[in-house]
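Enquirer: Turn this into a model:
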Amino acid sequence: MNKNEQETRTSKSQRKRDMSELLSLVRELELLPMKQLDRTVNQELKEKLIELKKITKGNAKKRQRQHIVKILSKSDLSTLLKKLSEIKNGTAEFVSKFHKLEKLREELLKMGDDGIGSVFEKFPNIDRKQLRQLLTQARAEAKKGVEKTYYRKLFQFLRETEEVSR
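Expert: As a prediction, the model looks like this:
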């Protein structure tokens, strides 16, 4: 073995760390829904991941994961990692917007007519009549303690209004 071969060769420990990182990537991909898998991975990898999701036995699942790791180790990961990070960022952004709208709904129900003014400022094109109706019906539901139909409708209305105002 000459000096150049030693420099280009990675240590066994480094190869193990690399494979461990790929295994964690496979586990992340395994948890993705089918729609996101379609956008993220190529057809061969998608088929292998579908097989992995179908497997229920522990050792068989482990072998399938290792097989996928082998496929990933031979392919270019830059695009896959980029798409995966886009999915994660998009999900975090969606959750953040969702929580803001939930908080707005709760404030509207607590503050009553005083809270409506702040909504009108945030969304000047909102249907005021429908907002007031949904608020009134949601409050009545809360007093009666019945199913929260208008509570959900109020949230959907706020979400649709927020999407239109973007």
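Enquirer: Show me what whatever helix or strand residue 119 lives in is packed against.
Expert: For residue 119, the host element (DSSP states H and E) is helix 113-122. In terms of contacts (3 or more Cβ pairs under 8 Å, 6 or more residues apart in numbering; DSSP states H and E), helix 113-122 is packed against helix 78-111, helix 128-144. No exception for glycine: its C-beta is placed from N, CA and C like everyone else's.
Enquirer: With distance to residue 62 added, can I get the ones you listed in a markdown table?
Expert: Formatted as a markdown table, those follow (distance: least, Cβ to Cβ, whole Å):
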| stretch | distance to residue 62 |
| --- | --- |
| helix 78-111 | 21 |
| helix 128-144 | 50 |
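Enquirer: Lowest average pLDDT across these?
Expert: Among those, helix 78-111 carries the lowest mean pLDDT, at a mean of 85.
Enquirer: Domain map for the chain?
Expert: The chain breaks down by automatic domain parsing into domains covering 3-75, 92-165.
Enquirer: Among the ones you listed, which comes closest to residue 86?
Expert: domain 3-75 (8.9 Å; Cβ to Cβ).
Enquirer: Whichever strand or helix holds residue 68: which residues count as buried?
Expert: Assigned by DSSP H and E, residue 68 belongs to helix 58-74. Going by neighbour count (16 or more other Cβ atoms under 10 Å), the buried part of helix 58-74 is 61, 64, 65, 68, 69, 72.
Enquirer: same deal with stretch 30-47?
Expert: Those buried within stretch 30-47 under the rule 16+ other Cβ under 10 Å are 32, 36, 37, 40, 41, 45.
Enquirer: Which members of the residues you listed are the farthest-apart pair?
Expert: Between any two of those (Cβ to Cβ), the greatest distance is 13.1 Å, for 36 and 45.
Enquirer: for the buried residues of stretch 30-47, which one is nearest residue 140?
Expert: When the buried residues of stretch 30-47 are compared against residue 140 (criterion: Cβ to Cβ), the nearest one is residue 36, at 39.8 Å.
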